[in-house]
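S.K.: I would like to see how this sequence folds:
(one chain, ligands or ions: 1)
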Amino acid sequence: MIEPPTRSATPQRELEPPERHPEAPAPGTVLPSHYENCVACGPSHPTGLRLVSTAGPEVSISGEFTVTADHQGAPGLAHGGVLALALDETLGGLSWLLRRPMVTGRLETDYIRPVPVGTTLFLTARCLGFAGRRMYAKAVGRLGPEGSVALRASAVFVVVPPEHFVEHGTDMTTEQVHDYEVNP
Ligand SMILES: CCCCCCCCCC(=O)SCCNC(=O)CCNC(=O)[C@H](O)C(C)(C)COP(=O)(O)OP(=O)(O)OC[C@H]1O[C@@H](n2cnc3c(N)ncnc32)[C@H](O)[C@@H]1OP(=O)(O)O
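M.R.: All right, here's what the predicted structure looks like:
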């Protein structure tokens with residue numbers, strides 16, 4: 001099957017530049033978990049990543065988490081799906097700086113180096129820009145703050161109305177989504 005070109009994580013036309021929202025958290029601000037049971041950032045999830053994201057300059061985010069035995073695929077090594085989760089969460093954090101709710105449409109991941117249990121992975125994501133409702137972004141994961149690149153990702157997120165989470169999820173009212181949108 002030939003996929004539509006608009007699905008590619010490589011922009012097919014010039015993008016509208018991203019604009020950091022005037023009320024976006026200042027660079028250096030640690031972003032609170034968006035949901036306590038989130039498998040990526042939730043403090044109440046028993047085996048989640050507990051990934052902590054920090055607002056960066058312009059429209060960028062950094063994130064960090066430590067790989068534990070709960071995140072293994074091969075013995076002693078992080079599972080690739082778990083690493084994609086960490087990239088997805090860090091990329092998703094860009095919505096706080098843009099103040100536009102969005103969901104992952106496509107996530108292309110390059111696995112460059114194995115990531116051992118005990119590693120603290122340092123991730124960064126930056127927004128490239130928009131084509132209509134599509135937001136294009138890239139992310140990198142390093143083994144240490146200035147360490148080797150272990151992961152690279154390109155993604156397309158699709159802007160959705162806040163009601164998306166009420167209609168398709170559970171236990172969330174439109175009011176809560178709006179609160180969450182302005183008070184992450
Ligand atoms: C309360 C907040 C919580 C935040 C949590 C953040 C967690 C981290 C991020 C995630 O993991 S989100 C969860 C994983 N993602 C999903 O569950 C998304 C599931 N898919 C959908 O809900 C819909 O398919 C989607 C909203 C993505 C698109 O459906 P729509 O009917 O709204 O859009 P439409 O099909 O009209 O397409 C709109 C544009 O997006 C493009 N598009 C749609 N699906 C795409 C896709 N999959 N990949 C790339 N582009 C896509 C599409 O080509 C089109 O481009 P154009 O406007 O230029 O023509």
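
S.K.: For the rest of this, base every contact and every neighbour count on C-alpha atoms.
M.R.: OK.

S.K.: The longest helix seen in the chain: what's the following helix or strand?
M.R.: If you go by DSSP state H, the chain has its longest helix at helix 80-92. Helices and strands here follow DSSP states H and E; after helix 80-92, the next one along the chain is helix 94-98.

S.K.: Give me the contact list for that following helix.
M.R.: 18-21, 24-25, 55, 59-61, 101-102, 125-127, 181, 184 (CA atoms under 8 Å, 6 or more residues apart in numbering).

S.K.: Quick check on these: which are buried?
M.R.: 18, 20, 24-25, 55, 59-61, 101-102, 125-127, 181, 184 (16 or more other CA atoms under 10 Å).

S.K.: Go back to these and keep what's next to the ligand.
M.R.: For the ligand, no contacts are drawn from the buried ones among the contacts of helix 94-98 by CA under 6 Å from any ligand atom.

S.K.: Surely residue 44 touches residue 35?
M.R.: No - taking contacts as CA atoms under 8 Å, residue 44 lies outside contact range of residue 35: 9.0 Å.

S.K.: mind checking how far residue 172 is from the ligand?
M.R.: From residue 172 over to the ligand the distance is 8 Å, taken as CA to the nearest ligand atom, to the nearest Å.

S.K.: Go ahead and confirm that residue touches residue 162.
M.R.: No - Residue 172 lies out of contact with residue 162 (CA under 8 Å); the separation is 10.4 Å.
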